[in-house]
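**Student:** Need coordinates for the following:
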Amino acid sequence: MGKTVVEYSNVEIGLNSDFKIRELSLTVNKGEFVYLIGKTGSGKSSILKSMYAEKKIITGKAYISKTNLATIKDREIPLLRRKIGIIFQDFQLLKDRTVYKNLEFVLKATGWTNSMSINEQIKSCLDKVHISELSEKYPSQLSGGQKQKAAIARALLNNPEIIIADEPTGNLDPKSSVEIMNVLTEINQNGNTILMATHDFLLLKQYRGRILRCNEGMIDEIESKDLNIETVYV
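**Tutor:** Take a look at the predicted model:
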């Protein structure tokens with residue numbers, strides 16, 4: 001097995017509710033495509049948010065990309081997030097900027113200064129998600145699938161050690177969902193590690209990966225041969 005990118009051991013995550021995530025243990029290794037599944041409210045998003053320090057680690061051992069999430073300081077969070085590509089369900093593109101300018105904004109905000117390098121990196125990432133021709137379009141001119149491809153390109157900009165995708169097909173029609181999964185699969189095959197939260201059972205059947213189920217704040221692993229509606233939505 002390759003290098004460990006995510007390691008949680010007996011972790012408790014701080015939540016603003018009575019629901020608790022305790023004694024959480026999971027690992028994600030370099031190059032894996034891992035699904036985090038479970039019914040709505042099972043804690044999937046909270047687990048992902050803890051990985052980019054939006055939710056606090058209360059106890060336990062929690063590392064992502066060699067960063068200790070249990071002891072991370074506020075000033076260290078921006079550096080952590082440069083090591084992680086984050087894809088959201090609602091895209092979170094800046095509406096007043098073109099696709100190119102959205103990506104340029106991120107690179108400049110994370111320390112890139114050379115205009116030629118910025119341009120080359122943006123073109124490379126747009127090419128990886130097959131939307132180079134849309135670089136001068138505004139988000140309002142894009143379909144949902146195109147917006148999500150732009151968001152994936154944004155996630156790739158700083159050559160992240162892991163891509164975290166929180167329900168990336170949740171707002172998309174079935175055709176667009178397949179296109180997004182094809183892009184994510186291609187990216188994974190090129191060496192990127194992906195951790196994806198989803199509740200889409202059909203995609204799980206079509207695009208195989210390691211499956212971790214979140215249930216009552218705990219994690220267990222499901223073999224592909226045991227995958228069915230009952231095992232996913234316990």
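
**Student:** what's the spacing between Glu167 and Lys73?
**Tutor:** 29 Å (Cβ to Cβ, to the nearest Å). (Glycine included, C-beta is placed from N, CA and C.)

**Student:** between the two, who's got more neighbours?
**Tutor:** Between Glu167 and Lys73, counted using other Cβ atoms under 10 Å, the more crowded position is Glu167 (20 against 7).

**Student:** Please tell me I have it right and the more buried one contacts His199.
**Tutor:** Yes - applying Cβ atoms under 8 Å as the test, Glu167 and His199 come out as touching, 7.1 Å apart.

**Student:** number of nearby residues for Gly144?
**Tutor:** The burial count for Gly144: 16, using other Cβ under 10 Å.

**Student:** In this protein, which residue is most central in space?
**Tutor:** Centroid-nearest residue in the chain: Ile164, 1.6 Å away (criterion: Cα atoms, centre = their mean).

**Student:** how near is that one to Arg81?
**Tutor:** 10 Å.

**Student:** What sits closest to Gly209 if chain neighbours are left out?
**Tutor:** Phe33 (3.8 Å; Cβ to Cβ, 6 or more residues apart in numbering).

**Student:** That should have said Thr110, apologies.
**Tutor:** Nearest to Thr110 is Arg82, by Cβ to Cβ, 6+ apart, at 5.2 Å.

**Student:** now the one you found: how far from Gln141?
**Tutor:** Taking Cβ to Cβ, one finds Arg82 at 29 Å from Gln141.

**Student:** Repeat that for Gly209.
**Tutor:** 32 Å.

**Student:** Show me which of these two is the more surrounded one.
**Tutor:** A count of neighbours by other Cβ under 10 Å puts Gly209 above the other of Gly209 and Gln141, at 18 against 12.

**Student:** ok, back up a step: ok, now which ones touch the residue nearest to Gly209?
**Tutor:** Listed by Cβ atoms under 8 Å, 6 or more residues apart in numbering, the contact set of Phe33 reads 184-185, 188, 193-194, 196, 207, 209-210.

**Student:** Next one, pLDDT for Arg81 please.
**Tutor:** Looking at Arg81, its pLDDT is 88.

**Student:** low pLDDT regions in this structure?
**Tutor:** Where the chain drops to pLDDT under 70, the residues are 1-2, 18, 224-234.

**Student:** Please enumerate the helices of the protein.
**Tutor:** For the chain, the helices defined by DSSP state H cover 44-51, 77-82, 99-109, 115-128, 144-156, 174-189, 201-206, 229-232.

**Student:** With respect to burial, which of these scores highest?
**Tutor:** helix 144-156 (a mean of 24; mean count of other Cβ atoms under 10 Å).

**Student:** Please work out which residues outside that helix touch it.
**Tutor:** So helix 144-156 is contacted by 85-88, 91-93, 99, 102-103, 106, 122, 125-126, 128-131, 134, 137, 139, 142, 163, 165, 168-169, 171-173, 175-177, 179-180, 183-184, 187, 192 (Cβ under 8 Å, 6+ apart).

**Student:** swap in stretch 164-178?
**Tutor:** By Cβ under 8 Å, 6+ apart, the list of residues contacting stretch 164-178 reads 44-45, 48, 51-52, 84-91, 143-145, 148, 151-152, 155, 180-181, 184, 194-200, 203, 206.

**Student:** Nothing else from me, thank you.
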